[in-house]
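Engineer: My questions concern the predicted model and sequence given below.
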Amino acid sequence: MSLNSRAVISLFSVFISIVLLVSCKEEKKYEAITKNDIFTSTALIPDDHFLGDETCKTCHNSEFKDWQGSYHDKAMQIADSTSILADFKGETFTSQEVTSKFYKKNGDYYVNTEGPDGAYQDYKIVYTYGVTPLQQYIVQFPNGAFQCLSTAWDSVEKKWFNLFPDFRVVHDEWLHWTNKGLNWNTMCSDCHSTNVRKNYSLKNDSYDTKYALINVNCEACHGPGKQHVDDVKRLGKTYAPTGTMKMTSNIEPKQLVDECARCHARREQFTENYNYQGSFLDHYFPHLIVEPQYYPDGQILDEDYVYTSFVQSKMYKNDVACNNCHNSHSLKLKMEGNALCTQCHVPARYNTSEHHKHEMGTESAACINCHMPGRYYMGNDFRRDHSFRVPRPDLSLNYNAPNACVGCHETKDNTWAWESFQKLYGTVDSLHFSDKLAPGVLGVAHADAGLIDLIHNTSENELVRASALRALSNYDMQQHIDEYITRLNDASPLVRATSVDVLSNINNTDYLNYLLPLLKDPKRTVRVKTFYALAGVNELQIPEEYKEVYTKVKKEFDTYINLNTDFAGGLARKGNYYIKQGNLQQAIFYYEKALEVDNLENNLRLTLANLYYNTGDYKKAEDTFKLIIQQEPEYGPTYYSLALLLAELNREEEAITYLEQTIIKMPEYIRAYYNLSLLYDKLNQPNKAESILAKGLKVDSNNESLLYALAYHYANLNNESKAKNIAKRLVELYPSNQQYAVFYQQLSNVQ
């Protein structure tokens, strides 16, 4: 084999996981809710079926009083002198070079601030959002969009503040208050009002968002009250509950958590509107424990809205639910201080200095400060982690996860915390799932064995098992392919869906027979993900027994894929679908549209550059790669991709420059060393080729590709002795690879 025949690796399209929210087209007409086998109805409930809190109050006055004034009650309000908490007295607030002025005119509330074109304009405040610790203000735009100001009111400190104080958000960026990043219709409305339909038109880039009730009313949780009230009026004293209302007093704990999760979870949405039919997984799919949403051990990093944290906990496992700690209607804690915890945890054992090693009655002795550390979001909103874990400074040392000890002892480090922990408590008395999950999430060598243990442990929470299955994709897919196929039949829909997600990035036809049965899965999210995984399969290949269900799931999928085309992620999801179908021009269209929405989303731009390359538009590909480098000069993968493009265009010297930069940016990325050595060989620079291979082997001494390349390099230089030694090593390391055995034998036969 000649050196010239060893081609540099070609570019491939990058498939990116995108999290979507919700969108609607034209509103559906109401039809009675009926169950049709696994296909739960998605019919819209008419607004007039939601009667409002005043109707509920007539029979449920105590619950109404608890709810009145709560976060749910004040979730969204019409802007007026009663609802607005901030000063609008002509004061100004300046942050990151933008000065906003807040004032009143003719009884209405206004802000003068930077608009979508960078010019200052006056905007009328139409709604308020929330009450404490912050209140946001909403402005209406001509296209039906409602935008949340990035300047909010700190209702505790009584002052204005910037939600993004650390950087200047330019007016054409996604995160500017006039753009999609702070758009109420898509970012907020679904969980701050009742019976919301976003109604976005991609064609016109406009909204016709509607809701039945402005806030999180009684019926947001309990479902539409019309039938319930009609039955009570008709039957009087003979009325008996018929199960039409949701989240009633006899609800099972895990079902309650499932229903609260609709809004208290970081999730992807699959249906146009929530109609109280089916379970959480018929409408949504939660974020798994992956970075950057979570630390590798599962602690909160970005906003998670509680659900994914809580289901990790022993509390959830033992049937503790939201209402054990929170009043279901006022949302307030049922008790103050450690008394809340000692409802279940014996005070004589846990509420003692012997247990927590701190002075009784101090903040340090509060259960929540060790077991529920938190983070600030939206500038001043402190939210606690609901996974209720034991502080583990050893995990902090190993995997850079936080711990409550140094969260309080801010001048100390994790080494001090771990040494102190051992002096006070000895060794960790029981392992936590994070001991196995954290290294797997980070891709630590050989941690896949621990991930498989978690996946097989059916007593572990299904979200943890699904997260372990996702993390397993950090390792050799071929080695674990049987595990993914097996998990398609797992009892957990989260695990089944995650397995489908991973397999969807492999050639569809290879696993057609394994995936097809999941078109009949009882959970909509699993069915839809399966249809997406089969996107590259020609419909003619679908067996007769699956054609009817395939057609039905296609309708569910079409709804899902069009849900959020006002979002860069939603447009990219459509682009990915067309990539799987082989329609690259259509994929390019949606990726270009996505970058119009978010012009700094370089993960998407990298995919677009590869799409340009794959369709032969090399100039656009090169320009797009270079734009990414200009915007994010420290992002190594772009240098690598551009180098491969230049190499295939026979611009070797330029390619070498970018590969050298790749190694500087990503010194552990082995393929860069391999491809750089090939280019040096091609330019007849054998010493440099040998040197770069040796440098790569210092990073990974047993790397198969580098060892073979170095052996072949020596063979081409007629240095059979060195080539033979490396070939022998390859045979020892990879005895099942017959190519190495033949290569070694050929070298041994050389006289």
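Structural biologist: Yep, that arrived.
Engineer: Okay, and the closest residue to Asp453 other than its chain neighbours sits in which element?
Structural biologist: Spatial nearest neighbour of Asp453, excluding adjacent residues (C-beta to C-beta, 6 or more residues apart in numbering): Lys436 at 6.0 Å. Backbone N, C-alpha and C define where each C-beta goes, glycine included. For Lys436, the host element (DSSP states H and E) is helix 434-441.
Engineer: mean confidence for that helix?
Structural biologist: Average pLDDT, helix 434-441: 98.
Engineer: which helices and strands does that helix pack with?
Structural biologist: helix 393-399, helix 448-456, helix 462-472 (3 or more C-beta pairs under 8 Å, 6 or more residues apart in numbering; DSSP states H and E).
Engineer: Does Tyr109 belong to a helix, a strand or coil?
Structural biologist: strand (DSSP: H, G, I helix; E, B strand; the rest coil).
Engineer: And the pLDDT at the nearest residue to it once chain neighbours are set aside?
Structural biologist: Nearest residue to Tyr109, sequence neighbours excluded (C-beta to C-beta, 6+ apart): Ile125, at 4.1 Å. For Ile125, the pLDDT comes out at 99.
Engineer: How many residues are close by Ile125?
Structural biologist: If you count neighbours by other C-beta atoms under 10 Å, Ile125 ends up with 23.
Engineer: For the most centrally placed residue in the chain, list the residues it contacts.
Structural biologist: Centrality entry for the chain: nearest residue to the mean C-alpha point is His287, 4.6 Å, by C-alpha atoms, centre = their mean. Contact analysis of His287 by C-beta atoms under 8 Å, 6 or more residues apart in numbering lists Val19, Ala265, Arg266, Arg267, Glu268, Gln293, Tyr294, Asp304, Thr308.
Engineer: what does Pro493 give?
Structural biologist: Leu281, Glu462, Asp521, Pro522, Lys523, Thr525, Val526.
Engineer: For the closest residue to it other than its chain neighbours, grab the count of nearby residues.
Structural biologist: Excluding its sequence neighbours, the residue lying closest to Pro493 (C-beta to C-beta, 6+ apart) is Lys523, at 4.2 Å. A count of nearby residues for Lys523, using other C-beta under 10 Å, gives 23.
Engineer: Would you mind confirming that Lys523 is in contact with Ala497?
Structural biologist: Yes: with contact defined as C-beta atoms under 8 Å, Lys523 counts as touching Ala497 (7.4 Å).
Engineer: so what's in contact with the two at the same time?
Structural biologist: Leu281.
Engineer: Can you give me the distance of Gly298 to Leu437?
Structural biologist: From Gly298 across to Leu437, the span is 7 Å (C-beta to C-beta, to the nearest Å).
Engineer: meant to ask about Ala86
Structural biologist: Ala86 sits 43 Å away from Leu437, going by C-beta to C-beta.
Engineer: which of these two has more neighbours?
Structural biologist: Higher neighbour count among Ala86 and Leu437: Leu437, with 26 against 22, using other C-beta under 10 Å.
Engineer: excluding its backbone neighbours, what's nearest the more buried one?
Structural biologist: Nearest non-adjacent residue to Leu437, counting by C-beta to C-beta, 6+ apart: Ala468, 5.8 Å away.
Engineer: which residues of the stretch 651-751 of the chain fall in strands?
Structural biologist: For the stretch 651-751 of the chain, no strands are identified by DSSP state E, counting those that start in this stretch.
Engineer: Show me the shaky parts of it.
Structural biologist: 751 (pLDDT under 70).
Engineer: Same question for the chain.
Structural biologist: 1-37, 508, 751.
Engineer: for it, what's the longest strand?
Structural biologist: strand 120-129 (DSSP state E).
Engineer: what about the residue nearest to Leu437, distance to Ala694?
Structural biologist: 37 Å.
Engineer: and if you look at Glu648?
Structural biologist: Counting by C-beta to C-beta, the gap from Glu648 to Ala694 is 26 Å.
Engineer: which one of these two has more residues nearby?
Structural biologist: Glu648 (16 against 13).
Engineer: Cys322 against Leu256, yeah?
Structural biologist: Yes: at 6.3 Å, Cys322 and Leu256 qualify as touching, with contact defined as C-beta under 8 Å.
Engineer: contacting residues around the residue nearest to Ile579 when sequence neighbours are not counted?
Structural biologist: Once flanking residues are discounted, Ile579 sits nearest to Ala587: 4.6 Å by C-beta to C-beta, 6+ apart. Neighbouring residues of Ala587 by C-beta under 8 Å, 6+ apart: Gly575, Asn576, Tyr578, Ile579, Leu611.
Engineer: and if we set it to 10 Å?
Structural biologist: By C-beta atoms under 10 Å, 6 or more residues apart in numbering, the contact set of Ala587 is 13, 572, 574-581, 607-608, 611, 614-615.
Engineer: taking those residues one by one, which sit in helices?
Structural biologist: 572, 574-581, 607-608, 611, 614 (DSSP state H).
Engineer: that older thread, which residues pair with the residue nearest to Tyr109 across the strands?
Structural biologist: Here Ile125 sits in beta bridges with Val139, going by DSSP bridges.
Engineer: just checking, it touches Ser81?
Structural biologist: No: here Ile125 does not reach Ser81: they are 11.8 Å apart, not a contact under C-beta atoms under 10 Å.
Engineer: and for these two, which residues touch both?
Structural biologist: With C-beta under 10 Å, 6+ apart as the test, Ile125 and Ser81 both reach Phe88, Lys104, Tyr109.
Engineer: Just the buried subset of those, written out for ChimeraX, thanks.
Structural biologist: Of the shared contacts of Ile125 and Ser81, the buried ones can be selected in ChimeraX as follows, counting by 16 or more other C-beta atoms under 10 Å:
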select :88,109
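Engineer: Between the shared contacts of Ile125 and Ser81, which sits nearest Leu397?
Structural biologist: Closest approach to Leu397 among the shared contacts of Ile125 and Ser81 (C-beta to C-beta): Phe88, at 50.1 Å.
Engineer: On the three-state scheme, that closest one is what?
Structural biologist: Strictly by three-state DSSP, Phe88 counts as coil.
Engineer: Much appreciated, bye for now.
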